[in-house]
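Asker: What follows is a predicted structure for the sequence shown.
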Amino acid sequence: MTHARAAVQVASKRTEIRELPLPEIPPDGGLMRVVAAGICGSDVPYYADGSHGPRILGHENVGTIERIGAVARERWGVAEGDLVALEEYLPCGYCEDCRSGEYRSCSQTDTRAGALRYGWTPLGVDPGLWGGFSQFQYLHPRAVLHRVPAGVAPRIAALALPLGNGFQWACIDGRARPGQTVVVQGPGQQGLACVIAAKAAGARTVIATGLARDAHRLDVARRLGADITVQVDVESLDAIVREATGGALADLVIDVSSGGGAQVVNGALELIRKRGTLLLAAYKQAPLDGFAIDTVIRRQIAVRGVRGHSFRSVEMALALMARKTVDLEAMSTHTFGLDEVDRALRLAGGEIEDGAIHVSITPWNGRTP
């Protein structure tokens, strides 16, 4: 083949199918045949913003190595035909953050500074194949790859990054461990990933929260390991946490809920025991006026902002997939072909229908139930 068929975002909430030439592959680069590309929650506002296009969205990507240069083959340890999961980051590899394993903080991964990033970079940046909603994707020399374990379906492997976030936040940043109580606020794909990770870490009680309209997602949370689910607009979360812990309160609260502002954050603080931890993983898009700092001081609560994943956390996610101990099919709810990328993005954003959790694009196949 000489060209890739791709769904290109050309304006706000507008996609066109285009044929794009396949690039020459340098010795330290490669080309991936995209098998499955997940839709991240961040893709929804990206799609609504037409100011950075034309571009190919999609950064939760899984595929087979189509071509690879000799240098890249040795460095990545992969060969043609291998199934890999690709991270969105293109870190520099030599700064202090990269050397310490925190390449998610590398300035070369920050799109606000104009960095290259999968699922974000415009077509005008050669060779243009930067997103997963395409039959092929360019493997930059700085790409971060993971081998997909044998027996893991590509559609499930496309959960590697959101599930990697869950392991990063719950296990590595939040240090969830056996015997603890963990509260996860927000039952989207990231929140459900935190439920899975907290349970895998041995947490005694995992409590997942949402609204009454999230009943389906809360049912899925139970399938994925949550011990208790709470509809916070119907039930008293504070009373349920106190009852579940005998008044001891939660060791760790992870806020992955959109919106809510200070009300949600301050409510989370009231759920945490002395010297417990609050992780903030969801942007609120505004300053938190009325933040209960005195509660933080009085209870000696550690408050930390978290985002993204590390190589280790994505490997933890893939290892869990290989064990097949969690019903990840419950998270992977929809797949669509390239011709239906617009519909898939609108579904993922809650604009049409309901019940979607993780939606994937399969560039070489059509829609499946």
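Answerer: Arrived safely, thanks for sending. Residues are numbered from 1 along each chain as shown.
Asker: ok, the residue minimising distance to the centre of the chain - contacts?
Answerer: Nearest to the geometric centre of the chain sits P162, at 2.6 Å (Cα atoms, centre = their mean). Residues near P162 by Cβ atoms under 8 Å, 6 or more residues apart in numbering: 38, 40, 60, 189-190, 193, 358. From N, CA and C alone the C-beta is placed, and that goes for glycine too.
Asker: Can you verify it is assigned to a helix?
Answerer: Yes. Counting by DSSP: H, G, I helix; E, B strand; the rest coil, P162 falls inside a helix.
Asker: any idea which of the contacts of P162 is closest to F167?
Answerer: Distance to F167 across the contacts of P162 (Cβ to Cβ) is lowest for A193, with 7.6 Å.
Asker: Excluding chain neighbours, what is closest to that closest one?
Answerer: G166 (2.8 Å; Cβ to Cβ, 6 or more residues apart in numbering).
Asker: Pull up the per-residue confidence for G366.
Answerer: You'll see G366 listed with a pLDDT of 60.
Asker: cool, and G77?
Answerer: We have a pLDDT of 95 for G77.
Asker: Also G350?
Answerer: G350 is assigned a predicted lDDT (pLDDT) of 88.
Asker: which ones are touching it?
Answerer: Per Cβ under 8 Å, 6+ apart, neighbours of G350: A356.
Asker: ok so, going back, looking at the contacts of P162, which is nearest D251?
Answerer: Each of the contacts of P162 was scored against D251 by Cβ to Cβ, and A193 proved nearest at 18.7 Å.
Asker: thought the closest one was touching L161?
Answerer: No. Checked against Cβ atoms under 8 Å, the pair A193 and L161 is beyond contact range at 9.3 Å.
Asker: circling back to that earlier point, the residue nearest to A193 and A201 touch, don't they?
Answerer: No. Applying Cβ under 8 Å, one finds G166 not in contact with A201, separated by 10.3 Å.
Asker: Show me which of those two is the more surrounded one.
Answerer: Using other Cβ atoms under 10 Å, the more surrounded residue of G166 and A201 is G166, with 31 against 21.
Asker: Shouldn't the more buried one be within a strand?
Answerer: No. Going by three-state DSSP, the assignment for G166 is helix, not a strand.
Asker: which residues in the stretch 51-200 of the chain form helices?
Answerer: Under the criterion DSSP state H, counting those that start in this stretch, helices of the stretch 51-200 of the chain are mapped to 70-76, 96-99, 154-157, 160-166, 189-200.
Asker: Against Y46, how distant is S332?
Answerer: 21 Å (Cβ to Cβ, to the nearest Å).
Asker: ditto for A282
Answerer: On the measure of Cβ to Cβ, A282 and Y46 end up 16 Å apart.
Asker: Kindly report the same for R223.
Answerer: For R223, the distance to Y46 - Cβ to Cβ - is 29 Å.
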